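>>> model this:
(3 chains)
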Amino acid sequence: MKRIFSALLFCAALVLLLAGVMGSSAARAETRDLILATTTSTQDSGLLDELIPLFEKSSGYFVKTIAVGSGQAMAMGTKGEADVLLVHSPAAEEKFMAADSGVHRQLVMHNDFVIVGPPNDPAGIRGETSATAAFKKIAGAGALFLSRGDNSGTHAKEKGVWKATGLTPDGQSWYQQTGLGMGQTLNVAAEKKGYTLADRGTYLALQKTLGLEILVEGDPLLLNVYHVIEVNPGKWPKVNTPGARAFAAFMVAAPTQEIIRSFGVAKFGSPLFFPDAGKPEPSGK
Amino acid sequence: MDLIAEGIAKALALLTSFDPEVLGITLLSLKVSGTATLLSLLVGITSGTLLALAEFPGKRLLMSLVNTGMGLPPVVVGLFVTIFLWRNGPLGFLGILYTPTAMILAQGIIATPIVTGITLASVQNLPANLKLQILALGATRPQLVWILIKEARLPLLAGVMAGFGGVISEVGASIMVGGNIKGYSRVLTTATVMETSRGNFDVAIALSLILLLLCFVINYLLTRIQQRERPR
Amino acid sequence: MTTAPLLEARNLSVVRGGAEVLSIPDFTVAGNEVLSLIGPNGAGKSTLLLALARLLPLSAGEIRCRGESVMANRHLVPYRRRLAMVFQEPLLFDATVYDNVASGLKIRGLGRDELRRRVGEALELLQMTHLAERSARKLSGGEAQRTSLARAFAIRPELIFLDEPFSALDPPTRRTLTDDLERVLKATGTAAILATHDQMDALRLSDRMAVMHRGKILQSGPPVEVFNRPGTELVASLVGMENVLAGTVLDSREGLLTLALGEHRIAVPGRGAPGETVRFCIRPEHITLTSFDPAGGTSARNVLPATITAIAPMGIYQKLQIDCGFPLIVFLTQQSLGELHLAPQRTTFASFKATAVHLLRSGPDCHSTPKDD
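As a prediction, this is how the structure comes out:
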């Protein structure tokens, strides 16, 4: 018995040792690592694939992009598990800042949300200019609506619109939550011929395979604004502050903003994001 | 149907052109899951054999736990490994979250109960008196364990297959602890998920085909070895 | 050389599930002795072997090897390395015959050259050099058990434990292997404890026999004595009804021995040196009784006058005890009994063919050259 236990202990020690050896090599490089918590839309649109290598090359940092919803990204920031955030959920961001979880919130870019749905448009919202009016029609018609349901920036925006309508869609049979990222939620909507709220970038990137159309756009309420936020190093000393600062500076620098402006034009015929660095905060969250 | 045909065509193009990104993803998948399987073999075979040999109160409970662990949901493992590896978590000092090392760790944890369970069953299936015979030949405890493992090597190959097949096709834990970072911790499964949500179904199909091919080749090789060892 | 015996056990007790399955107050094996344990299945033969080999946790008792206790955990491996064990199943490793025979030596960390030499010797001893490279999976049952024997003898044990080694084999294979085991035991002078339920094996191979029942040794002693003078009814029923006898060789020619047994002369097929003591047995059903001296009227070479001492029914047979200067057991059918008008105290003639007599191994004094310990 004693021997068996010592053998088990030996195995456990060996594994820890191995993990330690691998871990320590990773730990040495840690100060060069930068954890960017961001939304699925920036990754799914392909924008980050373009920007990150440029930043890594110019700064020497290694960026670990963790693409999650804006809600989870900010939760990571709150726990000091990320260094810098690129998010699009203004109301939540303000709470995040108010809680002293972040420093230096800077406007990076915007695009907008669009309400998409099947071409036959069962709720008849096509051409509607007000997002709230369109949502009311969908609810009135009991037409299928797919919600992200994942606390992402898009989900926050969608809840904001519902709030403005005064309706509570939760629990209705026509209101379904996917719990998935933007791209997958669009796929589900396409498959089930339902409506959903999507950021324009992801929608454009997926457009060719979806068979969903933009039915409502242009309402100032549907503005989708991205901010870069550095996680507060005062709260979490392990945060890579110089890296976060460098990344934020990179995102608002003129050459980067130029790349954002032209990203997607060649592929989709129109830009996916509009650079906003240095501009005043837009209204209409 | 177009989608599938297109996907397969694209997959073939990606495969035949040795697209460096696809190649890198494939190699990383092999490296991560291979290392995780090796680690799980080290731990699983040893502990499975010891568990089969030892007699102690609570052995049955431990055996049921191992058998439950054989179906450990990868996302549960992913969640707990993430929590432990957080910078400010208990193992945060290792600084390995969002690295292939973390993926190896998580996959190793998923595969270990599988290997342990199969080892346990294999060793218990050996003739009851074999242990006594080995001891009667003058074996020390470590020699006994080693000889029993050698004797159970054929069924253990099944453990290797099951373990490797389980982790290379696993996505939940990999995406949580690895972060699906491009060129760094992106493996076949996480890349497939991402390309699907990006609407790049052709690439997703290509990646899936590679994954299938990989699983097939490895299982084919292991089966070959197993068949060759079998008499007649 | 009156040093301590090879193996001594005192007050051995094994308790399993609350019941004492083995209880041996006193047990000794001498340095060159072949001891057989006989008894029905479940008598505790295997348990005793495992207990003596320290492969089983003891509830109480002490075992000494050449006077030194082997009870402490640190003694286990060194003690077991002086022993070898052969089970009923061959329990071979999934490897070649060579590697199997080498396994005990490898465990002892023998150098390559020494290992090769010792394996070669063991293979030769068991006459299986030609099988060296064969996979253990491709062996017949007899070859596999032969490999198991070679593996055991390769380590040159001081004492070998044999747990019903041949009982799973078919009769011809069993006979050949028993012959070989007898030869190897003699050639190497290895002490052995053989558990068996085959009385013939016990008679042929052993110097001493212990009869076991329900975890206890009921009687032990030279086989002839145990067979002919069972101390209790239980032992008598356990050792069966074989007629086991010992005689002195008077003459040996053309494969036929003439033995002196008291005043009688008995012809037995076999070879031996005049003056040698040999043991033999006659199966009770091979003896015929006649009420007159058949003299030339029978093909049986051996005819002995006898007195019937007892008759008892036994299944389809009647069991008769007769006295011809030594006791013999005879089985007759009810019908023959009636035809012959046999009754206790009647005089009769027992006859049996020479070929009905099984010569057992020569007496203990033939090969008991003391081992130097």
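>>> Next SSE downstream of the helix or strand of chain A with the lowest mean pLDDT?
Least confident helix or strand, chain A: helix A:2-28 with a mean of 49, by mean pLDDT, DSSP states H and E. Later in the chain than helix A:2-28, the nearest helix or strand by DSSP states H and E is strand A:33-38.
>>> Show me what that next one is packed against.
Taking 3 or more Cβ pairs under 8 Å, 6 or more residues apart in numbering or on different chains; DSSP states H and E as the contact definition, the neighbouring helices and strands of strand A:33-38 are strand A:62-67, helix A:70-78, strand A:84-87, helix A:241-252. Using the backbone N, CA and C atoms, a C-beta is placed for each residue, glycine as well.
>>> ok, and for that strand, which residues are buried?
Using 16 or more other Cβ atoms under 10 Å in any protein chain shown as the test for burial, strand A:33-38 gives A:33-38.
>>> Which strands border that strand, and is each parallel or antiparallel?
Within its sheet, strand A:33-38 is paired with strand A:62-67 (parallel), strand A:84-87 (parallel), according to DSSP bridges.
>>> which residues touch the shortest one?
By that I understand strand A:84-87. Contacts to strand A:84-87, defined as Cβ atoms under 8 Å, 6 or more residues apart in numbering or on different chains, come from residues A:34-39, A:42, A:70, A:73-74, A:76-77, A:93, A:102, A:108, A:153, A:226-231, A:243-244, A:247-248, A:251.
>>> Please apply the same query to the first one.
If you take Cβ under 8 Å, 6+ apart as the criterion, strand A:62-67 is touched by A:29, A:32-40, A:42-44, A:48, A:52, A:55-56, A:73, A:76, A:82, A:181, A:247, B:98, B:179-182, B:184-185, B:194.
>>> Filter those down to just the buried residues.
With neighbours counted by 16+ other Cβ under 10 Å, the contacts of strand A:62-67 contain buried members at A:33-40, A:42-44, A:48, A:52, A:55-56, A:73, A:76, A:82, A:181, A:247, B:98, B:179-182, B:184-185, B:194.
>>> residue ranges with poor pLDDT in chain C?
Counting by pLDDT under 70, chain C shows low-confidence ranges at C:1-2, C:233, C:240-242, C:295-299, C:360-373.
>>> In it, what residue lies closest to chain A?
Ranking the residues of chain C by distance to chain A (Cβ to the nearest Cβ) places C:N73 first, at 9.4 Å.
>>> ok, back up a step: what's the most buried one of the helices and strands packed on strand A:33-38?
strand A:84-87 (a mean of 29; mean count of other Cβ atoms under 10 Å in any protein chain shown).
>>> Put the alpha carbons of that strand into CSV.
Provided in CSV are the C-alpha atoms of strand A:84-87 (Å, rounded to 0.1, in the frame of the first residue of the first chain):
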residue,chain,number,x,y,z
VAL,A,84,-6.8,45.1,-23.1
LEU,A,85,-10.3,45.0,-24.4
LEU,A,86,-11.8,45.8,-27.8
VAL,A,87,-15.6,45.8,-27.2
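>>> Which SSE is immediately downstream of it?
Beyond strand A:84-87 toward the C-terminal end (DSSP H and E), the next one is helix A:90-98.
>>> Just give me the longest strand of the chain.
Going with chain A. Using DSSP state E to define each element, chain A has its longest strand at strand A:102-117.
>>> that's the wrong chain, I wanted chain C
Assigned via DSSP E, chain C shows its longest strand as strand C:302-314.
>>> what residues does chain B put near chain C?
Selection of chain B residues close to chain C by Cβ under 8 Å from any Cβ of the partner chain yields B:127, B:129-130, B:132-133, B:135-140, B:143, B:147, B:150-151, B:153-154, B:231.
>>> What remains of those residues if I keep only buried residues?
Here, 16+ other Cβ under 10 Å leaves B:129-130, B:132-133, B:135-139, B:143, B:147, B:151, B:153 buried among the residues of chain B next to chain C.
>>> got the residue ranges for the helices in chain B?
In chain B, the helices defined using DSSP state H lie at B:2-16, B:20-53, B:59-69, B:74-85, B:100-125, B:130-136, B:141-151, B:153-168, B:172-178, B:188-197, B:201-229.
>>> Now mean pLDDT and distance to A:L167 too, for those helices, in TSV please.
Formatted as TSV, the entries for those read as follows, by pLDDT from 0 to 100; distance: least, Cβ to Cβ, whole Å:
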stretch	mean pLDDT	distance to A:L167
helix B:2-16	79	37
helix B:20-53	92	44
helix B:59-69	92	45
helix B:74-85	93	33
helix B:100-125	94	42
helix B:130-136	95	71
helix B:141-151	92	65
helix B:153-168	86	46
helix B:172-178	92	35
helix B:188-197	89	29
helix B:201-229	83	35
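>>> C:R151 is nearest to which of these?
For the helices of chain B, proximity to C:R151 was assessed by Cβ to Cβ; helix B:130-136 is nearest, at 9.1 Å.
>>> can you pull the contacts of the residue located most distally from the centre of chain B?
Checked against the mean C-alpha position of chain B, the extreme residue using Cα atoms, centre = their mean is B:A136, at a distance of 36.1 Å. B:A136 makes contacts with C:53, C:55, C:80, C:83-85, C:161, as judged by Cβ under 8 Å, 6+ apart.
>>> ok, now C:L205?
For C:L205, the contacting residues are C:34, C:36, C:178, C:181-182, C:185, C:192, C:194, C:361, by Cβ under 8 Å, 6+ apart.
>>> Point out where chain A drops to low pLDDT.
By pLDDT under 70, the weakly predicted segments of chain A are A:1-30, A:283-285.
>>> Nearest the geometric middle of it, what residue?
The residue lying closest to the centre of chain A (Cα atoms, centre = their mean) is A:T39, at 1.7 Å.
>>> State the distance from the closest residue to it other than its chain neighbours to chain C.
Of all residues beyond its chain neighbours, the one nearest A:T39 is A:S70 (5.0 Å), with distances taken as Cβ to Cβ, 6 or more residues apart in numbering or on different chains. A:S70 sits 59 Å away from chain C, going by Cβ to the nearest Cβ, to the nearest Å.
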